[in-house]
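Asker: sequence isn't available, so here's the structure alone:
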């Protein structure tokens, strides 16, 4: 990769500028855009914000829009979604779009299997082509200890119907000929895993939700969750208040700050991750599985004619919204890439971006009623997996809010588990998108 290792080279300086542009989400501060049905208008007066709703969802990313879709599909028509910027412009827009069954727990695997069925028929149901492709996930394993952990997870995944198997390093190289494999002990291959477009999926959920009666209000800041005798009653925004008996926190990396507005402590920790992309690079022909080097955290896949590369970084940047690109991560990414995929030396980085992964202490999501505040529901802390699990999340949340309980056991995601000391052990398993 000519000039790439040199962080002061003109090429990398250009990349940093490009990446900075991608990292900043577009804003919509001039007014409020209210969508009802398929239409859209820009209005200026706070009085146009609905005064009441059956449910208010804070966060217009893929999870919030999926919840709105499923609630309105079940007949709860008076649903309002509040989004600080534009639909899908936050963490959702920074996702790599991976979809996999390779998770460490039965609950998460079942979430994935249901979501995969939705992605397979998404265009027929939502009228939007999400670009869903089963390119596979490939994890490269370099130590015996790591392999033992995978063996346990693979056994569970296979029992639940996931197409996954442990293969030899040479077999991994046959899948991706550009790989260096001499230091590996094995690889884990999931041919049924794949990818889709987060923007397209979010758009599909949002459009159907609007057609079913939901109001999605963009460019509005949530400033307060109003309580009355220990119950959430209203959401106060930069342009007015909305009364509602149910408030759903689907605010992604901002979940902890939104929860504090209701007096609730939610351990969602925003952590930065970078993704860079090369200029067109035919030397690695596609399609290429989303391939993760477990030893370094580096992962890559082909996107059209380009190669997407991530150092797999997880860094606290003390912010839950604005996230700048660290140009030093370009050099780190290049170093890791050159070790595992030597031919990448011939490529050039063309740009990139940084996003925030909303992590929790045990690496599992938080879904359920917030402890101590009635009417305040949490659907947060997905750790970078919110996109791929959004179809199932929307369905189970709608069941909980309308029927009083979900149809599957969600105790793994219990919001009270942290205070009770009942967290599941953090798994050292796959950490790709």
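Answerer: Looks like it came in fine. Keep in mind that this is a model prediction, so the values were computed, not measured.
Asker: and the strands in the stretch 301-433 of the chain?
Answerer: Applying DSSP state E, counting those that start in this stretch to the stretch 301-433 of the chain gives strands spanning 306-310, 349-359, 366-369, 376-380.
Asker: any chance of those strands in CSV, plus mean pLDDT and distance to residue 206?
Answerer: (Glycine included, C-beta is placed from N, CA and C.) Shown next, in CSV, are the strands of the stretch 301-433 of the chain (pLDDT from 0 to 100; distance: least, CB to CB, whole Å):
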stretch, mean pLDDT, distance to residue 206
strand 306-310, 95, 25
strand 349-359, 92, 19
strand 366-369, 98, 21
strand 376-380, 98, 16
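Asker: so which of those gets nearest residue 76?
Answerer: strand 376-380 (12.9 Å; CB to CB).
Asker: which helices and strands does that closest one pack with?
Answerer: Strand 376-380 sits against helix 62-73, strand 247-249, helix 255-260, strand 366-369, helix 386-403, with contacts defined as 3 or more CB pairs under 8 Å, 6 or more residues apart in numbering; DSSP states H and E.
Asker: give the closest residue to residue 382 in space, chain neighbours not counted.
Answerer: residue 365 (4.7 Å; CB to CB, 6 or more residues apart in numbering).
Asker: pull the helix or strand with minimum mean pLDDT from the chain.
Answerer: Using mean pLDDT, DSSP states H and E, the weakest-scoring helix or strand in the chain turns out to be strand 41-43, at a mean of 33.
Asker: quick check: next helix or strand after that strand?
Answerer: strand 55-58 (DSSP states H and E).
Asker: give the pairing partners of that following strand; include direction for each.
Answerer: When sheet partners are counted by DSSP bridges, strand 55-58 sits next to strand 79-83 (parallel), strand 247-249 (parallel).
Asker: highest mean neighbour count out of these?
Answerer: Of those, the one with the most neighbours on average (mean count of other CB atoms under 10 Å) is strand 247-249, at a mean of 29.
Asker: what's next to that strand, contact-wise?
Answerer: Strand 247-249 has contacts (CB atoms under 8 Å, 6 or more residues apart in numbering) with 55-59, 64, 67, 225, 232, 235, 255, 258-259, 262, 266, 370, 375-380, 397, 401.
Asker: contacting residues around the nearest residue to residue 100 once chain neighbours are set aside?
Answerer: Spatial nearest neighbour of residue 100, excluding adjacent residues (CB to CB, 6+ apart): residue 193 at 3.9 Å. By CB under 8 Å, 6+ apart, residue 193 lies in contact with 98, 99, 100, 101, 102, 134, 135, 136, 137, 289, 290.
Asker: quick one: which of these is most hemmed in?
Answerer: residue 137 (28 neighbours; other CB atoms under 10 Å).
Asker: grab the nearest non-local neighbour of that residue.
Answerer: Per CB to CB, 6+ apart, closest to residue 137 is residue 193, 3.8 Å.
Asker: what pLDDT does that neighbour get?
Answerer: Per-residue confidence (pLDDT) for residue 193: 97.
Asker: next, residue 138: secondary structure please.
Answerer: Secondary structure for residue 138, judged by DSSP: H, G, I helix; E, B strand; the rest coil, is strand.
Asker: for residue 70, see how far away it is.
Answerer: Separation of residue 138 from residue 70 (CB to CB, to the nearest Å): 33 Å.
Asker: same thing with residue 391?
Answerer: 9 Å.
Asker: got it, and residue 176?
Answerer: Taking CB to CB, one finds residue 176 at 37 Å from residue 70.
Asker: cool, residue 392 as well?
Answerer: Counting by CB to CB - residue 392 and residue 70 are separated by 10 Å.
Asker: coming back round to it: now tabulate the contacts of residue 193 in CSV and tack on distance to residue 119.
Answerer: Below are the contacts of residue 193 laid out as CSV (distance: CB to CB, whole Å):
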residue, distance to residue 119
98, 11
99, 6
100, 11
101, 12
102, 16
134, 10
135, 13
136, 15
137, 14
289, 17
290, 15
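Asker: what's the domain layout of this structure?
Answerer: Per the record, the chain has its domains at 10-25+132-194+271-355, 32-94+199-268+362-420, by automatic domain parsing.
Asker: how about the helices of the stretch 151-300 of the chain, start to end?
Answerer: Remark: helices assigned in the stretch 151-300 of the chain by DSSP state H, counting those that start in this stretch are 169-175, 198-211, 255-260.
Asker: nearest to residue 327, of those helices?
Answerer: When the helices of the stretch 151-300 of the chain are compared by CB to CB, helix 198-211 sits nearest residue 327, at 24.8 Å.
Asker: got the angle between that closest one and helix 386-403?
Answerer: 20 degrees (axes from the mean of the first three to the mean of the last three CA atoms, to 10 degrees).
Asker: list the helices and strands helix 198-211 packs on?
Answerer: By 3+ CB pairs under 8 Å, 6+ apart, helix 198-211 packs against strand 32-36, helix 62-73, strand 79-83, helix 91-94, helix 122-126, strand 215-218, helix 386-403.
Asker: and that helix, which residues are buried?
Answerer: 198-210 (16 or more other CB atoms under 10 Å).
Asker: can you list contacts of it?
Answerer: 35-38, 60-62, 65-66, 68-69, 72-73, 79, 81, 87-88, 92-93, 95, 97, 119, 122, 125-131, 216, 387, 390, 394.
Asker: any weak-confidence spans in the stretch 1-150 of the chain?
Answerer: Confidence mapping of the stretch 1-150 of the chain against pLDDT under 70 gives the ranges 1-47.
Asker: hmm, 90 instead?
Answerer: Within the stretch 1-150 of the chain, the stretches with pLDDT under 90 are 1-49, 77, 85, 88-97.
Asker: for the stretch 101-250 of the chain, which segments count as strands?
Answerer: Under DSSP E, counting those that start in this stretch, the stretch 101-250 of the chain gives strands at 137-141, 165-167, 186-190, 194-195, 215-218, 222-228, 231-237, 240-243, 247-249.
Asker: looking at those, which is buried most?
Answerer: Most buried among the strands of the stretch 101-250 of the chain, given mean count of other CB under 10 Å as the contact rule, is strand 247-249, at a mean of 29.
Asker: what's the mean pLDDT across that strand?
Answerer: Mean pLDDT, computed over strand 247-249, is 98.
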